[in-house]
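A.B. asks: Mind looking at a prediction? Sequence and model below.
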Amino acid sequence: MKDAAPQQVHLADYAPYSFRVEEVRLTFRLAPRGTRVLSRIVFAPNPAAPPARTLFLHGENLTPVSTRIDGAAVEPRPAGSGIEVGVPEGRFTWEAEVEIDPAANTALEGLYLSHGMFCTQCEAEGFRKITYYPDRPDVMAPFHVRIESDLPVLLSNGNPADSGPGWAEWHDPWPKPAYLFALVAGDLRAHRDTFRTRSGNEIALNVWVRPGDEGRCAYAMDALKRSMRWDEETHGREYDLEVFNIVAVDDFNMGAMENKGLNIFNSRYVLASPETATDRDYEAIESIVAHEYFHNWTGNRITCRDWFQLCLKEGLTVFRDQQFSGDQRGHAVKRIDDVLALRARQFREDAGPLAHPVRPESFVEINNFYTATVYEKGAEVIGMLKRLVGEDGYRAALDLYFDRHDGQAATIEDWLTAFEEATGRDLAQFKLWYSQAGTPRVQVTETYENGTYRLTLSQRTPPTPGQPDKAPMVIPVAMGLLTKEGKELVPTTVLELTEGSQSWTFERLPARPVPSLLRGFSAPVILERETSAEERLALLAHDTDPFNRWEAGRALAKDTLTRMVSADAAPGRAFLDALSRLAADDTLDPAFRALALRLPGQDDMAQTLHASGIVPDPQRIWEATRALQEEIARHLEAVLARLHDEMATPGPYTPDAPAAGRRALRAQALELLTRIDGGARAGALFEAADNMTETLAALGPLIEAGVAGGALAAFEERWRHDRLVMDKWFALQVAHAAPDEAAATAERLTGHPLFDWKNPNRFRAVLGALGMNAAGFHHASGAGYAMLADWLVRLDPLNPQTAARMTTLYETWPRYDADRQQMMRAALQRIAAAPGLSRDTGEMVSRILG
Ligand code: B3K
Ligand code: ZN
């Protein structure tokens, strides 16, 4: 395993590599236990770096067979995370032959095997496990790859160059960093299509899957074609190779990877059919296919100078995929979904021991920084920038950025300079969003006198690890003013809060207005305002901004739950009536109504209580949530029953947003009704359902009602041979288990013959679901904490990346009471003490423990 004293890497230490790589030629002789990799790399001095006569190359777990410079054998010496060797002046050619062992690669980084198929994952630093190379994103080169293998399908980046029996060659003309390298070899089937770019090039598109899965590729292909068109129409960006390949792999550490011309996907984000995938799956496939495709320009053509700049490609590409999905499915609902995810993951991260800036300044293992902060807050920062410079300014800045940096490895400074030059706006203060961690709090105070409303906004960002003091940020606050009856007095305007505290006045108002603040969630901040229930009810009924309309209902639900948790109070009649009116309002989009009827998640409630100084008790939150759902079900029974009947989608299943919205509303109604009907409707739906969305909409509530035994057995019987569907079966039972049964359920399932703990999807289905079942994971017995720790200790030596990522389930320990804190810390300490703990998990547990 790795050494005990982990090396920190610092942004401030960046220095360019001493050499340029002019050309890379690789030959792979594939064999599961002994793959030979031959490399021939032309290096030349980098004019932008001091001259050097020592070549450093990364390399990990490689068995060298031979190494040569300009044809003469050399003997490099080990150095840091690779090797070092003396080189001649000027241009020279490095050649190496190494042996690697894909079959032994359980970490799923580098070249590995999944069901007999060779595949790669190189981002961030996996290429060094394939051959010796300057494995850093600022070294970009064209690659020529030859693959020798008896397997029928042999793929790499770029365009197919030549092939014959047992071999194929690929040429990628676009200079790229090694992290975008990919190779796939296997017995695969293609779902084929073509796309004509707007300048008339015909691109061959393939989705490659295991035999038997061909029938489940159509939606991913359709999403790809829509993404390609969208990037042309909205950003003027065309595809730049003759072929675009997507490969679905069952064993994959994350969602997908944007390798140039050869995207590799976790199969759960490719394969879909009505019987096996839910509406949520279809939506995720659409957005991830788009995300990886959009990386072709934001990430690949323009990449990152170093890994500290990760948000340059990730924040921007998330922002682009969010815009795309909004255009496809409707922006109002998409924005609410995105903010739900932001609060659930990023606000949680920002409030705990793992808080870090969007552009971190140091790391031990970069894989630990593919976080909600880099991705989701990174996207929010771009959304704010766009709001501040306007639609046209944004377009001009992006055009300049693409023009100026195409083919380069860029920085956040380059990105912001493009905005400054294209729009004339000074972004010096705005740049703090990249360096200051923590979620800003914006406090609202106001006065109203003689028709004049004065609004004062004050900002403060709490301390985060390593950052005790914070400076004021640029916070765009979109707002409007309404009358109590819902008439808009002041339409949406954007206030720019740049100082610690600022005031704005609005004059000649007919009466005290109801402010609608932070419309569209215009900045990733927490708003602090004493708001009366009357005001919230007015906004819920009338706000013209759909986000804030939803937000008002959300706030009422949180207030109600807070009172139920801390004072055993009953839910207020006015709230229930408002919810009822909203549910019954058929002029509103069903998807929006489904979101409005959904109660805050239990972890979200814990976060909310903690932020207002209350120590959350997960058990009480669970009880209050159940009680409130029951109250809502009783109060709204008639309208929910009507929705349940009327929102049925007759005819064959289609995955489009309107149909999915109807199913979501129906499922929401069903979940509530099951609290009072004992599972009658859910049981009927389970029997009748002909698609996975409805099957799961029925099964979850049946489990919670304690009447799912037969349904679970029938489901298992029908789907035992389908790995993606069985992931759902495993996850659902844990996710919906009652608090005192969650750990035992997870325990039982880990003994199931289909529990393959080495497969990340299956591991996450059980242990990830346990960590997300708030009341179950945080059960007072500590059984959940202990069980997860046992499994992470077991997984870490095999798959450090997935183990490290899952330690974040403990990041909330500071929120809880002394007993839980002590048990969570003890679990973390037990992981920390595991012999040979990986650098990945080691860094995470030590940061979480603080
Ligand atoms: N860029 C990859 C993530 C790589 C993660 C490495 N641990 C997928 C994406 O963001 O598109
Ligand atoms: Zn990405």
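C.D. replies: Done, it's in. Residues are numbered from 1 along each chain as shown. Ligands and ions are numbered 1, 2, ... in the order given.

A.B. asks: What values do phi and psi take at the closest residue to Asp337 other than its chain neighbours?
C.D. replies: Distance criterion C-beta to C-beta, 6 or more residues apart in numbering; nearest residue to Asp337, sequence neighbours excluded, is Leu595 at 7.6 Å. For the C-beta atoms, the positions are set from N, CA and C on the backbone; glycine is no exception. Backbone geometry at Leu595, expressed as degrees, to the nearest 10, gives phi -70, psi -40.

A.B. asks: shouldn't Leu595 be in contact with Lys334?
C.D. replies: No: between Leu595 and Lys334 no contact is recorded; they are 10.7 Å apart, counting by C-beta atoms under 8 Å.

A.B. asks: okay, stretch 93-100 in PDB with CA atoms only?
C.D. replies: Extracted in PDB, the C-alpha atoms of stretch 93-100 (Å, rounded to 0.1, in the frame of the first residue of the first chain):
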ATOM      1  CA  THR A  93      12.300   9.900 -28.300                       C
ATOM      2  CA  TRP A  94      11.400   7.900 -25.200                       C
ATOM      3  CA  GLU A  95      10.400   4.300 -25.700                       C
ATOM      4  CA  ALA A  96       9.200   1.900 -23.000                       C
ATOM      5  CA  GLU A  97       7.700  -1.500 -22.800                       C
ATOM      6  CA  VAL A  98       5.900  -2.300 -19.500                       C
ATOM      7  CA  GLU A  99       3.700  -5.100 -18.300                       C
ATOM      8  CA  ILE A 100       0.500  -4.500 -16.300                       C
END
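
A.B. asks: Any regions of the stretch 201-350 of the chain where pLDDT drops low?
C.D. replies: Residue ranges of the stretch 201-350 of the chain with pLDDT under 70: none are present.

A.B. asks: What parts of it come near ligand 2?
C.D. replies: The stretch 201-350 of the chain has residues Glu314, Thr317 near ligand 2, with proximity defined as C-beta under 5 Å from the ion.

A.B. asks: Show me what from the stretch 201-350 of the chain comes close to ligand 1.
C.D. replies: Contact residues of the stretch 201-350 of the chain with respect to ligand 1, defined by C-beta under 6 Å from any ligand atom, are listed as Met254, Ala256, Met257, Glu258, His291, Glu292, His295, Glu314.

A.B. asks: Sketch out the helices for the stretch 551-700 of the chain, chain order is fine.
C.D. replies: Listed in chain order, the helices of the stretch 551-700 of the chain (DSSP state H, counting those that start in this stretch) span 573-584, 590-597, 602-611, 618-635, 637-646, 657-677, 680-688, 692-704.

A.B. asks: do the stretch 151-300 of the chain as well
C.D. replies: Per DSSP H, counting those that start in this stretch, the stretch 151-300 of the chain carries helices over the ranges 218-235, 279-294.

A.B. asks: can you redo these as TSV with mean neighbour count and distance to Gly110?
C.D. replies: Converted to TSV, the helices of the stretch 151-300 of the chain look like this (neighbours: other C-beta atoms under 10 Å; distance: least, C-beta to C-beta, whole Å):
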stretch	mean neighbour count	distance to Gly110
helix 218-235	19	25
helix 279-294	23	20
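
A.B. asks: just how off-centre is the lengthiest helix in the chain within its chain?
C.D. replies: In the chain, taking DSSP state H as the definition, the longest helix is helix 378-405. Its chain's C-alpha centre and that of helix 378-405 lie 22 Å apart, by C-alpha atoms, centre = their mean, to the nearest Å.

A.B. asks: can you give me the angle it makes with helix 218-235?
C.D. replies: Angular relation of helix 378-405 and helix 218-235 on a 0 to 180 degree scale: 60 degrees, by axes from the mean of the first three to the mean of the last three C-alpha atoms, to 10 degrees.

A.B. asks: quick one on the thing from earlier: now list the buried members of the residues of the stretch 201-350 of the chain next to ligand 1.
C.D. replies: Applying 16 or more other C-beta atoms under 10 Å to these, the neighbour count classes Met254, Ala256, Met257, Glu258, His291, Glu292, His295, Glu314 as buried.

A.B. asks: and the residue lying closest to the first one once chain neighbours are set aside, what does it touch?
C.D. replies: What it means is Met254. Leaving aside its sequence neighbours, Met254 sits nearest to Asn266 (C-beta to C-beta, 6+ apart; 6.9 Å). Taking C-beta atoms under 8 Å, 6 or more residues apart in numbering as the definition of contact, the neighbours of Asn266 are Ala248, Val249, Asp250, Phe252, Met254, Gly255, Ala256, Asn761.

A.B. asks: What of Trp433?
C.D. replies: The contact partners of Trp433, by C-beta under 8 Å, 6+ apart, come to Val358, Val381, Met384, Met473, Val474.

A.B. asks: cutoff 6 Å now
C.D. replies: Val381 (C-beta atoms under 6 Å, 6 or more residues apart in numbering).

A.B. asks: got a pLDDT number for it?
C.D. replies: At Trp433, the predicted lDDT confidence score is 99.

A.B. asks: Please tell me how far the nearest residue to Arg593 once chain neighbours are set aside sits from ligand 1.
C.D. replies: Residue nearest to Arg593 in three dimensions, not counting chain neighbours: Leu665, with 5.3 Å by C-beta to C-beta, 6+ apart. In this structure, Leu665 and ligand 1 are separated by 31 Å, where distance is defined by C-beta to the nearest ligand atom, to the nearest Å.

A.B. asks: swap in Gly59?
C.D. replies: Between Gly59 and ligand 1 the distance, using C-beta to the nearest ligand atom, works out to 19 Å.

A.B. asks: Same check on Ser516?
C.D. replies: With the distance defined as C-beta to the nearest ligand atom, Ser516 ends up 34 Å from ligand 1.

A.B. asks: that older thread, out of the contacts of Asn266, which are buried?
C.D. replies: For the contacts of Asn266, burial is judged from neighbour counts taken by 16+ other C-beta under 10 Å, and it is met by Ala248, Val249, Asp250, Phe252, Met254, Ala256, Asn761.

A.B. asks: Which single residue of the stretch 701-850 of the chain ends up nearest ligand 1?
C.D. replies: Residue nearest to ligand 1 within the stretch 701-850 of the chain (C-beta to the nearest ligand atom): Gln801, separated by 6.2 Å.

A.B. asks: now do the stretch 401-550 of the chain
C.D. replies: Closest approach of the stretch 401-550 of the chain to ligand 1 (C-beta to the nearest ligand atom) occurs at Ala409, with a separation of 15.0 Å.

A.B. asks: Now that residue: closest residue in space that isn't a chain neighbour?
C.D. replies: Take Ala409 and drop its neighbours on the chain: the residue closest to it by C-beta to C-beta, 6+ apart is Asp138, 4.0 Å away.

A.B. asks: how deep is the one you found tucked in, by neighbour count?
C.D. replies: Using other C-beta atoms under 10 Å, the number of residues around Asp138 comes to 20.

A.B. asks: about what we covered before: and of the residues of the stretch 201-350 of the chain next to ligand 1, the nearest to Asp281?
C.D. replies: Minimum distance to Asp281 across those is 13.6 Å, recorded for Ala256 (C-beta to C-beta).

A.B. asks: what sits against that closest one?
C.D. replies: Each residue near Ala256 by C-beta under 6 Å, 6+ apart is listed here: Phe265, Tyr269, Ile288, Glu292.
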